[in-house]
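Chemist: Give the three-dimensional model of this entry:
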Amino acid sequence: MAPSSAPPSRCPTVGSAPADGCTPPVTDPPLRPSPGATARTRTSNFSPTSGTVSYREWWAGTRTRQDGDREPDLGFTITEKFLPERAKASWIRTAYLAAFAALGWLYVLQRELQPIRDQLKHPDEKILPALTSYDVKAPSSRRQIHLIHEPTDIRCVLVSMGQHGVFLPGLGNPLSCVELSEAISRRVGGSQSMLNIRFDHAQEVPWPSLAHIHLGP
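Modeler: Next up, the predicted model:
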């Protein structure tokens, strides 16, 4: 019978050294650092100028101290930056623009909304009190604007976007941002700090598909 022409199987290398009696191939397709990763070298096993390394060199360079006295030659630094306050400001900005498009200039130029404009102008400063909520059960496709008249101590414009909700000062005798935030805080309770509010006679405003410049709703 003619010898098989199939190439020999490669050695298992994930999480362990090559199996006994198994010889790794001399070279493998070149490995390149991921975009954005920071590479550092301690020996000549890896050349940052060429950006490639053979299989044997890679394996020799990544063995830990328990396999000898050698440290890994290749390291990666991944930096993830998330600023919760910036994220909240982004939702408030979206809600503000949606309310402006739906309700017009007469609404958005109320003095009670000036702190929101100040916050958007200075995103790295903490100007606004807490005006956002999160509903994990809400569908991600939700887009709603409600004029809340009752209860009167929390009258507002509620803009809902997916799981996120933003409370904005209302139309006609609006509360200030501080008064609105304090009213919301008084209604937060329970072991999971859930916001429990029942809105009676809420008036839904159609979600704007285009930004129309008009005086009012």
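
Chemist: list the contacts for Val178?
Modeler: Listed by C-beta atoms under 8 Å, 6 or more residues apart in numbering, the contact set of Val178 reads Pro129. In short, each C-beta sits where N, CA and C put it, glycine included.

Chemist: for the helix or strand harbouring Leu106, packing partners?
Modeler: Using DSSP states H and E, Leu106 maps to helix 105-108. Packed against helix 105-108, as judged by 3 or more C-beta pairs under 8 Å, 6 or more residues apart in numbering; DSSP states H and E, are the following elements: helix 84-103.

Chemist: List of residues touching the helix it packs on?
Modeler: Outside of helix 84-103, the residues within contact range by C-beta under 8 Å, 6+ apart are 107-108, 113, 116, 119-120, 123, 126, 128, 131-132, 145, 157, 159, 161, 164, 166, 168, 171, 205-208, 210-212, 216-217.

Chemist: ok so, going back, let's test this: mean pLDDT of the helix holding Leu106, rounded?
Modeler: Averaged across helix 105-108, the pLDDT comes to 91.

Chemist: residues of it that come out buried?
Modeler: Neighbour counts over helix 105-108 (16 or more other C-beta atoms under 10 Å) mark 107-108 as buried.

Chemist: Can I get that helix as PDB, trimmed to CA atoms?
Modeler: What follows is helix 105-108, C-alpha atoms only, in PDB (Å, rounded to 0.1, in the frame of the first residue of the first chain):
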ATOM      1  CA  TRP A 105     -38.500  76.200  20.600                       C
ATOM      2  CA  LEU A 106     -41.000  77.200  23.100                       C
ATOM      3  CA  TYR A 107     -40.200  74.100  25.100                       C
ATOM      4  CA  VAL A 108     -36.500  73.900  24.700                       C
END
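
Chemist: helix or strand right after it?
Modeler: Following helix 105-108 in sequence, per DSSP H and E, is helix 114-121.

Chemist: I'd like to check the angle between that next one and helix 84-103, please.
Modeler: 120 degrees (axes from the mean of the first three to the mean of the last three C-alpha atoms, to 10 degrees).

Chemist: ok, then the element right after helix 114-121?
Modeler: Past helix 114-121, the next helix or strand by DSSP H and E is strand 132-134.

Chemist: By mean pLDDT, which helix or strand of this protein comes out lowest?
Modeler: Least confident helix or strand, the chain: helix 55-62 with a mean of 60, by mean pLDDT, DSSP states H and E.

Chemist: how's this structure carved up into domains?
Modeler: Domains of the chain are assigned by automatic domain parsing as 11-80, 84-205.

Chemist: And the buried ones among the contacts of helix 84-103, selectable in ChimeraX?
Modeler: Selecting only the buried entries of those in ChimeraX, with 16+ other C-beta under 10 Å as the criterion:
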select :107,108,113,116,119,120,128,131,132,145,157,159,161,164,166,168,171,205,208
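
Chemist: which SS class is Val157?
Modeler: On the three-state scheme (DSSP: H, G, I helix; E, B strand; the rest coil), Val157 is labelled strand.

Chemist: Does Asp153 belong to a helix, a strand or coil?
Modeler: Under three-state DSSP, Asp153 comes out as helix.

Chemist: Distance check, it against Ala183.
Modeler: Separation of Asp153 from Ala183 (C-beta to C-beta, to the nearest Å) stands at 5 Å.
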